[in-house]
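*Asks:* Okay, structure incoming, though there's no sequence with it:
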Ligand code: NAD
C-alpha cells in the first residue's frame, strides 16, 4: 500500500512488476524505480460567476528527476485523483526513456468537470493552479503540457501566469502552447499523427493495404480526431468513432472532415446523426484492421481483450489496456499486433520536447522539420521494440517498457545513491 494505491496506480505498479521480473531487478531496487519522487496537492479556490467561492483539488506528481527535468500533461476531469496522476507520471517516465528524451515523467490535474464551469471560471482555475505550483515547477525542474480537458489556451494561461510572477516571458515553462505564444508548429497534431504513422507502418509490415482497410476510433478529441483524419487521408475507412456522448457506426466509412467540423462547432459528436448512432461499448470489439482507443485508461479489460477483432491495436490513450487484458493479448500476439501506448502516443511528448528546445534556443523550425524528426524518433523506438520482442520472443509492451525501465535504472545506478 502507498498513498497512490488505487485502480490506476495499482495497474502501473503491476505492469512495472512484470518488467522488473523480466529484467531480474533485485527486489530492494524496485521501489526506487517505481515510487514517485514528489507529489504535490493544492487547493485552488476560485470565485464562481454567481459570487460564491468554490475550491478544486489539484495535483502534480514528479516521478523521477534522474535524467533531467520532469515533463508531463495536465488533466482536467471530474475523476482525477492522486493515484491516477501518479500512474500517468510513471508511464511518462518509461515513455520519455524509451524515446530517448532527457526527462523524467510527471503528470498533473484538477478534479473538475470542465463542462460545468464557465470559460471565465476555467481561466481563473487554470491560473490559480499554476500559481499554486510555482514553487515546484520551472523550465529546468518540471514542464507542463496539455492532456484530457486542457488545450493550447490553458497552456497559454499557465505560461502567462508563470511569466507574470517572473517578471519576464518564460515560454519554455509549458509546451503545447499556441504558436502565437511560443508554441511549435505541429504540436497540436503530433500525438495523432504519430499514432497514424505507426499504425500505417504496422499495416505495411502485415501487408494490409491502406486503401480498403478499416479503423475504429474511441475518443474524438485532439488525439482521436487527428489520428482518424490522418488514417482517413491515407485511404483507411473509419467505420466507427465514439466520444463521451455517443458512438457512430457506418460500415461504408464515416465522413471524418464532417465529424471534425461538427465537433469544432458543437464540442462533441452529440447531434451529428441519429441514424448512425451505435452502442459505445460494442465499437471496441467490431471487426476492423486498426483499433485506436484514444479516450481514457482501462477500457480494454480481459473480457474486451478476449473479444477484440482487430489486427492492430494502436494505443493512443495512456493505459487503455489492463494487466489482465495484457495476459490475453500476449497469448494472441500472432493475431493482434499491439503498439503499446508508451511508443504509440509518444509523438506528443517528442514534439513537446522540440517545443522546449526551440523556446530555450529561441530558434524555430518549420513544420516539415518537426514532423521529420518526430517520425525519426518514433521509428527508432518502434524498431528497437520489435527487434527486442522478436529476439526474446516477448510481448511488445514488455519489450518497450523494459527498454524504458532499463534506461532509467542505468542512469540511477551510474549516478549512485545520494548521499
Ligand atoms: P481530449 O480531451 O482532447 O479528448 C478526449 C476524448 O475522449 C473526447 O472526445 C471525450 O469525449 C472522449 N471520452 C472521454 N471519456 C470517454 C469514454 N468513456 N468513452 C469514449 N470516449 C470518451 O483528450 P486528448 O488530448 O485527445 O487525450 C486522449 C487520450 O490520449 C488520453 O488518454 C491522453 O492521456 C492521451 N494522450 C494525449 C496526448 C496529447 O498530446 N493530447 C499525448 C499522449 C497521450
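*Replies:* Alright, I've got the coordinates. Everything numeric in this text was worked out from a predicted model, so none of it was measured.

*Asks:* From here on, just use CA atoms for contacts and neighbour counts.
*Replies:* Fine.

*Asks:* from the stretch 1-150 of the chain, which residue is nearest to the ligand?
*Replies:* Across the stretch 1-150 of the chain, the shortest distance to the ligand (CA to the nearest ligand atom) belongs to residue 148, at 3.5 Å.

*Asks:* What is the burial count for that residue?
*Replies:* Residues within reach of residue 148, counting by other CA atoms under 10 Å, total 17.

*Asks:* ok, now which ones touch it?
*Replies:* 74, 75, 76, 77 (CA atoms under 8 Å, 6 or more residues apart in numbering).

*Asks:* In CSV: those residues, plus secondary structure and pLDDT.
*Replies:* Listed next are these as CSV, based on DSSP: H, G, I helix; E, B strand; the rest coil; pLDDT from 0 to 100:
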residue, secondary structure, pLDDT
74, strand, 98
75, strand, 97
76, strand, 98
77, strand, 97
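
*Asks:* what's the farthest-apart pair in those residues?
*Replies:* Farthest-apart pair in the contacts of residue 148 is 74 and 77; separation 9.7 Å (CA to CA).

*Asks:* With neighbour numbers in mind, choose between the two.
*Replies:* Neighbour tally, residue 74 and residue 77, criterion other CA under 10 Å: the higher count belongs to residue 74, 24 against 18.

*Asks:* tell me which residues form a beta bridge with the more buried one?
*Replies:* residue 108, residue 146 (DSSP bridges).

*Asks:* Show me which residues of the chain are close to the ligand?
*Replies:* By CA under 6 Å from any ligand atom, the part of the chain that sits against the ligand consists of 146-149, 191, 218-224, 242-244, 294-296, 316-318, 345, 348.

*Asks:* Give me the common contacts of residue 74 and residue 77.
*Replies:* In contact with both residue 74 and residue 77: 109, 110, 148, using CA under 8 Å, 6+ apart.

*Asks:* Now flag whichever of the residues you listed is closest to residue 233.
*Replies:* Closest to residue 233, out of all of these and judged by CA to CA, is residue 148, at 24.7 Å.

*Asks:* per-residue confidence at the closest one?
*Replies:* With respect to pLDDT, residue 148 scores 92.

*Asks:* Likewise for residue 281?
*Replies:* Predicted confidence (pLDDT) for residue 281: 89.

*Asks:* Any figure for the gap between it and residue 244?
*Replies:* 11 Å (CA to CA, to the nearest Å).

*Asks:* Let me see the ranges of the helices in the protein.
*Replies:* 7-22, 30-34, 82-98, 119-133, 152-166, 187-205, 222-233, 256-266, 302-307, 323-331, 341-344, 347-361, 367-392, 396-415 (DSSP state H).

*Asks:* okay, the ones you listed in CSV with mean pLDDT and mean neighbour count next?
*Replies:* Below are those laid out as CSV (pLDDT from 0 to 100; neighbours: other CA atoms under 10 Å):
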stretch, mean pLDDT, mean neighbour count
helix 7-22, 96, 18
helix 30-34, 98, 15
helix 82-98, 98, 27
helix 119-133, 98, 19
helix 152-166, 98, 19
helix 187-205, 97, 23
helix 222-233, 98, 24
helix 256-266, 98, 15
helix 302-307, 98, 16
helix 323-331, 97, 18
helix 341-344, 98, 28
helix 347-361, 98, 23
helix 367-392, 98, 16
helix 396-415, 98, 19
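
*Asks:* Out of these, flag the one nearest residue 67.
*Replies:* Among those, helix 396-415 sits nearest to residue 67 (CA to CA), with 7.0 Å.

*Asks:* which other helices and strands contact the closest one?
*Replies:* Counting contacts by 3 or more CA pairs under 8 Å, 6 or more residues apart in numbering; DSSP states H and E, helix 396-415 is packed against helix 7-22, helix 30-34, helix 82-98, strand 337-339, helix 341-344, helix 367-392.

*Asks:* which residues are in contact with that helix?
*Replies:* By CA under 8 Å, 6+ apart, helix 396-415 touches 18-19, 22-23, 33, 66-67, 93-98, 338-340, 342-343, 385-386, 388-389.

*Asks:* same check, this time on stretch 232-245
*Replies:* Counting contacts by CA under 8 Å, 6+ apart, the residues touching stretch 232-245 from outside are 210-221, 228, 231, 247-254, 256, 268-270, 280, 283, 295.

*Asks:* Quick one: buried ones out of the residues you listed?
*Replies:* 210, 213-221, 228, 231, 247-250, 253-254, 256, 268-270, 280, 283, 295 (16 or more other CA atoms under 10 Å).

*Asks:* Residue 70: neighbour count?
*Replies:* Neighbour number of residue 70 under other CA under 10 Å is 29.

*Asks:* For residue 181, see how far away it is.
*Replies:* From residue 70 to residue 181 the distance is 22 Å (CA to CA).

*Asks:* got a pLDDT number for the residue in the stretch 301-419 of the chain that the ligand sits nearest to?
*Replies:* Relative to the ligand, the nearest point of the stretch 301-419 of the chain is residue 317 (3.4 Å; CA to the nearest ligand atom). If you check residue 317, the pLDDT there is 97.

*Asks:* surely it meets residue 295?
*Replies:* Yes: between residue 317 and residue 295 there is a contact at 5.5 Å, judged by CA atoms under 8 Å.

*Asks:* residues touching the residue of the stretch 301-419 of the chain closest to the ligand, list them.
*Replies:* Contact analysis of residue 317 by CA under 8 Å, 6+ apart lists 293, 294, 295, 296, 297, 341, 345.

*Asks:* Please name the residues that touch the nearest residue to it once chain neighbours are set aside.
*Replies:* Of all residues not flanking residue 317 in the chain, residue 294 sits nearest, at 4.4 Å (CA to CA, 6 or more residues apart in numbering). Taking CA under 8 Å, 6+ apart, we find residue 294 in contact with 217, 218, 219, 220, 221, 223, 224, 315, 316, 317.
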